[in-house]
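Undergrad: have a look at this prediction, sequence included:
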Amino acid sequence: MTKLVKVLKLESGSQKDASQSRRRALVAGGAGFLGSHLCERLLRDGYDVVALDNFHTGKRYNLNALQRNPSFSCIEHDIVDALPSDLQCDEIYNLACPASPPHYQADPIHTFKTSVLGSLNLLELARQNKAKIFQASTSEVYGDPFVHPQPESYFGNVNTHGPRSCYDEGKRSAETLFFDYSRTYGLDIRVARIFNTYGRRMQPDDGRVVSNFIVQALRGEDLTVYGSGQQTRSFCYADDLSEGFIRLMNAPNAPAHP
Ligand SMILES: NC(=O)c1ccc[n+]([C@@H]2O[C@H](COP(=O)([O-])OP(=O)(O)OC[C@H]3O[C@@H](n4cnc5c(N)ncnc54)[C@H](O)[C@@H]3O)[C@@H](O)[C@H]2O)c1
């Protein structure tokens, strides 16, 4: 189902001329943890921003502060379904996908469809609009890696049929689609493999180490370290990640690899 929560006013006279010189970014998954940070940042940078989200894990209150901004609008829509035919944009950021295991495992088939059919729909939209398109991929494409830290050239140690495969293999398939659209149609694509990100608006119950430690500390409980305690993680602050997304999107030449 598609619901336009607030429509941008672009129709008349000088307003149209002024707005045409502004770039328009579509952020799929814009109501989520990372997507809402990216929307904020793009608005600060002078973009018109359209967030598109099915609110599966995203929260309306993540967008509260943005709803007052005339350059911001939000469409309630599932990217698995055909996209509204009149969407116009210069840049597309695809962040739409549940990211934490309890969320993506709740409906694994829909998670896989989100990565594959959702990416296909957005890639077609990018083709129609001659827009650049960014894919939020993940460190999970390395599966259970034997190489630490993982260089982008490492193909990973992966599993097609485990309980995490709907997410990991969906994201791997999405990368394949992005690179095939680039080779076949010359589409300008940017693919980032994101590791553990923390910051404002992360879900306290997402099951990841930063939120677990903070919630346990606030409750005065012991901090739980899983496994041997020898494992490593790579952390990034949400605002720094948005900065990285924007630098990757604006790099003069699309990198040939994730
Ligand atoms: N947070 C991290 O540390 C991390 C790490 C690696 C990759 N990523 C990727 O970054 C992206 C954003 O992650 P996040 O942490 O903000 O997660 P999130 O769950 O907070 O945000 C995902 C957003 O996508 C929306 N969404 C999900 N399925 C959709 C669909 N079919 N149609 C439309 N909207 C849909 C959700 O409602 C939500 O607003 C995801 O693609 C995730 O795989 C995140």
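TA: Here it is on my side, so go on.

Undergrad: tell me the pLDDT at residue 11?
TA: Predicted confidence (pLDDT) for residue 11: 30.

Undergrad: can you check residue 7 too?
TA: pLDDT, residue 7: 37.

Undergrad: do stretch 204-220 and the ligand meet?
TA: No: Stretch 204-220 lies out of reach of the ligand by CB under 6 Å from any ligand atom, never closer than 7.1 Å. (C-beta placed from N, C-alpha, C; glycine too.)

Undergrad: and the residue of the stretch 51-200 of the chain nearest the ligand?
TA: Residue nearest to the ligand within the stretch 51-200 of the chain: residue 58 (2.0 Å; CB to the nearest ligand atom).

Undergrad: and that residue, what does it touch?
TA: 29, 30, 31, 32, 35, 36 (CB atoms under 8 Å, 6 or more residues apart in numbering).

Undergrad: repeat the analysis, applying 10 Å as the threshold.
TA: Going by CB atoms under 10 Å, 6 or more residues apart in numbering, residue 58 touches 29-33, 35-36, 51, 74, 76, 95-96, 98.

Undergrad: just those residues: which are in helices?
TA: Using DSSP state H, the members of the contacts of residue 58 that fall within helices are 33, 35, 36.

Undergrad: okay, now the second one: neighbour count?
TA: For residue 35, the count of nearby residues is 25 (other CB atoms under 10 Å).

Undergrad: that one and the ligand, how far apart?
TA: Applying CB to the nearest ligand atom, to the nearest Å, the value for residue 35 to the ligand is 6 Å.

Undergrad: what does the first one give?
TA: In this structure, residue 33 and the ligand are separated by 4 Å, where distance is defined by CB to the nearest ligand atom.

Undergrad: burial count for that residue?
TA: By the measure other CB under 10 Å, the count of residues near residue 33 is 23.

Undergrad: re the thing from before, and which of the contacts of residue 58 is nearest residue 211?
TA: Among the contacts of residue 58, residue 33 lies closest to residue 211 (CB to CB), at 10.4 Å.

Undergrad: isn't that closest one up against residue 238?
TA: Yes: under the criterion of CB atoms under 10 Å, residue 33 is in contact with residue 238, at a separation of 7.1 Å.

Undergrad: that older thread, okay if I get the contacts of residue 58 as a markdown table plus pLDDT?
TA: Converted to a markdown table, these look like this (pLDDT from 0 to 100):
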| residue | pLDDT |
| --- | --- |
| 29 | 98 |
| 30 | 98 |
| 31 | 98 |
| 32 | 97 |
| 33 | 96 |
| 35 | 98 |
| 36 | 98 |
| 51 | 98 |
| 74 | 98 |
| 76 | 98 |
| 95 | 98 |
| 96 | 99 |
| 98 | 97 |
